[in-house]
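Novice: kindly generate the corresponding structure for this input.
(chains A and B)
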Amino acid sequence: MFQVLFERFVKGKVLAVQEFTDLLINSVRHAFTRPRYLVDTLVQMDVIGFGSLAIVLLTGFFTGGVLALQTYRTLSTFGEVGLLGQVVALSMVRELGPVLTALMVAGRNSSGIASEIGSMLVSEQIDAMRALGTDPLRKLVTPRLYATLVTLPLLTILADFCGMLGGAIVSTSTAHLSSAEYWTLAYQALEFEDCFQGLTKPFFFAIIVALVGCYFGLHTTGGTEGVGRSTTRAVVVACVLILVVDFFYTKFLIATGFF
Amino acid sequence: MTLPEAEPPPRTRDRSEGQTAVVELRHVSLAFEEKQVLNDVSFRVGAGETLVLLGVTGSGKSVLLKLILGLLKPDAGQVLVGGQDLAPLSESQLYPIRQHMGIVFQEGALFDSLSVYENVAYRLREEGLKDEAKIERQVREVLRFVEMEQTLEKMPAELSGGMRRRVSIARAIVNEPAIMLYDSPTAGLDPVTAHTINILIAKLRDVQNVSSLVVTQRLADAYALAHFTYSAEQQGLVAVASDGGLGRRVPTHFLVLRDGTAYFSGSTDELTSTPDPYLRKFLA
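Specialist: Numbers count the residues shown, from 1 in each chain, chains lettered A, B, ... in the order given. Okay, here's the model as predicted:
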């Protein structure tokens, strides 16, 4: 009995990985052949990118601010408060900016994508699309993937800046650093490797955010209750995958001597 | 105590033998995981004919329509549309075949983020038509056909069930398909609205000579399609041969599914006069 259940579990997970990979390859490939749905891509850029702007800026700002607050207490015991700019900049650009931005966007958009596509599936709109001559992957998945690939790195840059801004406000108000000192050290601390790491991570995260939402949406079963389940799973899986991929990508860069 | 032996199913006869079939299923079987949904089902629909698919819930009627559209592939057997076997075709190869078919889903399946106009125009845009004036002309024409021209700018959520069903018919016929598939088109509708939908189905069949497959659980609707024809003069249904003996015959036959098998195939008269106890109970 246990063996049967275990076998079924493993087969299910292997099938899920296979289907996800198939979804990734096809959705990337469709951008290079006609028909292309550019208007749908622009609409999704507005929904995913501009729609997430407020929460990303707030997240970045307050993350930078609290990072400066917490780090100030430690640095002041060593008399190195002047390093606040460096700490906030490196932390935000390398790690906190990309990861927290991706988590916020995943929470907002992976769920939205899963529920929208799941609702279409249970109400036979996906079948109607196929009956009317449209490939649902081209129409629904590819625009969302490319929209996220374009907007998530941009959102990450804005989050990084807002984080450094939040850190600057705390540094000048609480740590009594001068603004010039803070920003000079923040700027000088950043090197090419830091920016490369911080700006390549969003591309991997964008694939996760878009495709996990689409995958669970397209595999929704069980009516409206199933839509709710798909939505929840999409957010949970996307967030966990972001953290796991972040860890292994960072380890890869360190192992290859990139740092 | 010995249980009585189950009655064998009534003999099924293919009514359209000898005619060119627009849709044909040959020994089709399909299972979802361990549940056998269809088992060795065969039937044909000739050009201009109507096939009414009857059966209890879960007997595989909607699955048959999806097989004909190529949305599902059979585990065994062949699904032929216009003589072409759909099973070996890829999704992109199925699109030209689907252009000749229209389907009305059970709840309409309108795209709820698009207006009525955009829903009906959807197929024309997907087929590459760029002339907006022509698109508008065709959209207005089919909406006029289903008497929904006044709802052009409305969203599906603003429409009643019957109105959504009518818009769904308009969307399905905008490119003048030769074959129409209806999945419980009157389910959940009141009798008056259901009658309106039946008039539209008969109008398409009799005016545009489309071949139709109608899945329904409502026997009244099935009999209406079999015994009545559309009259342009009266803008409604008239009984067949009610015009003084020169009435049109309405080529309609029935297929009753039971537990995924073709339990009965024949005309209205054969269905209503059958002595089979299951069918008598079904028709009661």
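Novice: where does pLDDT dip in the chain?
Specialist: Since no chain was named, I'll use chain A. Residues of chain A meeting the criterion pLDDT under 70: A:258-259.
Novice: other chain: chain B
Specialist: Filtered on pLDDT under 70, chain B yields the residue ranges B:1-19, B:241-250.
Novice: what does it put close to chain A?
Specialist: Contact residues (Cβ under 8 Å from any Cβ of the partner chain) of chain B with chain A: B:66, B:69, B:71, B:91-92, B:95, B:98-99, B:101-103, B:105-107, B:109-112, B:122-123, B:126-127, B:171. For every residue, glycine as well, the C-beta is placed using N, CA and C.
Novice: so which of those residues belong to strands?
Specialist: Counted as lying in strands by DSSP state E, out of the residues of chain B next to chain A, are B:101-103.
Novice: B:Gly162 sits in which helix or strand?
Specialist: Here B:Gly162 sits within helix B:161-173, counting by DSSP states H and E.
Novice: elements contacting that helix?
Specialist: When contacts are defined as 3 or more Cβ pairs under 8 Å, 6 or more residues apart in numbering or on different chains; DSSP states H and E, helix B:161-173 packs onto strand B:101-104, helix B:116-126, helix B:132-145, helix B:191-207.
Novice: distance of the closest residue to chain A within chain B from A:Arg130?
Specialist: Using Cβ to the nearest Cβ, the closest approach of chain B to chain A is made by B:Ala109 at 4.1 Å. Counting by Cβ to Cβ, to the nearest Å, the gap from B:Ala109 to A:Arg130 is 11 Å.
Novice: B:Leu69 too?
Specialist: 8 Å.
Novice: before we move on, what about B:Glu118?
Specialist: Distance, B:Glu118 to A:Arg130, using Cβ to Cβ: 18 Å.
Novice: for A:Asp22, same thing?
Specialist: A:Asp22 is 17 Å from A:Arg130, by Cβ to Cβ.
Novice: what parts of chain A come near chain B?
Specialist: Within reach of chain B by Cβ under 8 Å from any Cβ, chain A has these residues: A:35, A:123-125, A:127-135.
Novice: for the residue of chain B closest to chain A, give me its contacts.
Specialist: By Cβ atoms under 8 Å, 6 or more residues apart in numbering or on different chains, B:Ala109 lies in contact with A:123-125, A:127-128, B:168.
Novice: contacting residues for the spatially most central residue of chain A?
Specialist: In chain A, the centroid-proximal residue (Cα atoms, centre = their mean) is A:Ala102; its distance is 2.4 Å. Applying Cβ under 8 Å, 6+ apart to A:Ala102 gives the contacts A:152, A:156, A:201-202, A:205-206, A:208-209, A:242.
Novice: report the secondary structure state of it.
Specialist: Assigned state for A:Ala102: helix (three-state reduction, DSSP: H, G, I helix; E, B strand; the rest coil).
Novice: how near is it to A:Gly64?
Specialist: Using Cβ to Cβ, A:Ala102 is found at 17 Å from A:Gly64.
Novice: B:Ala226 now?
Specialist: 74 Å.
Novice: could you do B:Leu181 as well?
Specialist: As judged by Cβ to Cβ, B:Leu181 and A:Gly64 stand 58 Å apart.
Novice: B:Pro74 now?
Specialist: Distance, B:Pro74 to A:Gly64, by Cβ to Cβ: 59 Å.
Novice: more neighbours: which of these two?
Specialist: A:Gly64 (29 against 20; other Cβ atoms under 10 Å in any protein chain shown).
Novice: wait, isn't the more buried one in contact with A:Leu165?
Specialist: Yes: with contact defined as Cβ atoms under 8 Å, A:Gly64 reaches A:Leu165; the gap is 6.7 Å.
Novice: thinking again about what came up before, between B:Leu69 and A:Arg130, what contacts are shared?
Specialist: Going by Cβ under 8 Å, 6+ apart, residues that sit against B:Leu69 and also against A:Arg130 are B:Arg98.
Novice: neighbour-wise, which of the ones in strands among the residues of chain B next to chain A leads?
Specialist: For these, the largest neighbour count, defined by other Cβ under 10 Å, is 28 neighbours, found at B:Gly102.
Novice: show me what contacts the nearest residue to it once chain neighbours are set aside?
Specialist: In space, and not counting its chain neighbours, B:Gly102 is closest to B:Ala172: 3.2 Å by Cβ to Cβ, 6 or more residues apart in numbering or on different chains. Listed by Cβ under 8 Å, 6+ apart, the contact set of B:Ala172 reads B:102-104, B:180.
Novice: B:Ala226 too?
Specialist: The neighbours of B:Ala226, taking Cβ under 8 Å, 6+ apart as the test, are B:50, B:52, B:250, B:252, B:254, B:268.
Novice: buried subset of those, written for ChimeraX?
Specialist: Written as a ChimeraX command, the selection of buried residues from the contacts of B:Ala226, which uses 16 or more other Cβ atoms under 10 Å in any protein chain shown, is:
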select /B:50,52,250,252,254,268
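Novice: right, and B:Gly60 touches B:Leu38 too?
Specialist: Yes: using Cβ under 8 Å, B:Gly60 is in contact with B:Leu38, at 4.7 Å.
Novice: so which of these two has more stuff around it?
Specialist: The residue with more neighbours, out of B:Gly60 and B:Leu38, is B:Leu38; 26 against 23, by other Cβ under 10 Å.
Novice: dig out what that one forms beta bridges with.
Specialist: Beta-bridge partners for B:Leu38, by DSSP bridges, are B:Leu30.
Novice: next one: B:Val79
Specialist: Taking DSSP bridges as the rule, B:Val79 bridges to B:Leu25.
Novice: residues near it, how many?
Specialist: B:Val79: 22 surrounding residues under other Cβ under 10 Å.
Novice: gap between it and B:Leu69?
Specialist: 9 Å.
Novice: now do the helices in chain B.
Specialist: B:61-69, B:91-98, B:116-126, B:132-145, B:161-173, B:191-207, B:219-227, B:268-272, B:277-283 (DSSP state H).
Novice: give the contact list for B:Asp259.
Specialist: The neighbours of B:Asp259, taking Cβ under 8 Å, 6+ apart as the test, are B:39, B:59.
Novice: what does A:Ser123 give?
Specialist: Residues near A:Ser123 by Cβ under 8 Å, 6+ apart: B:107, B:109, B:112.
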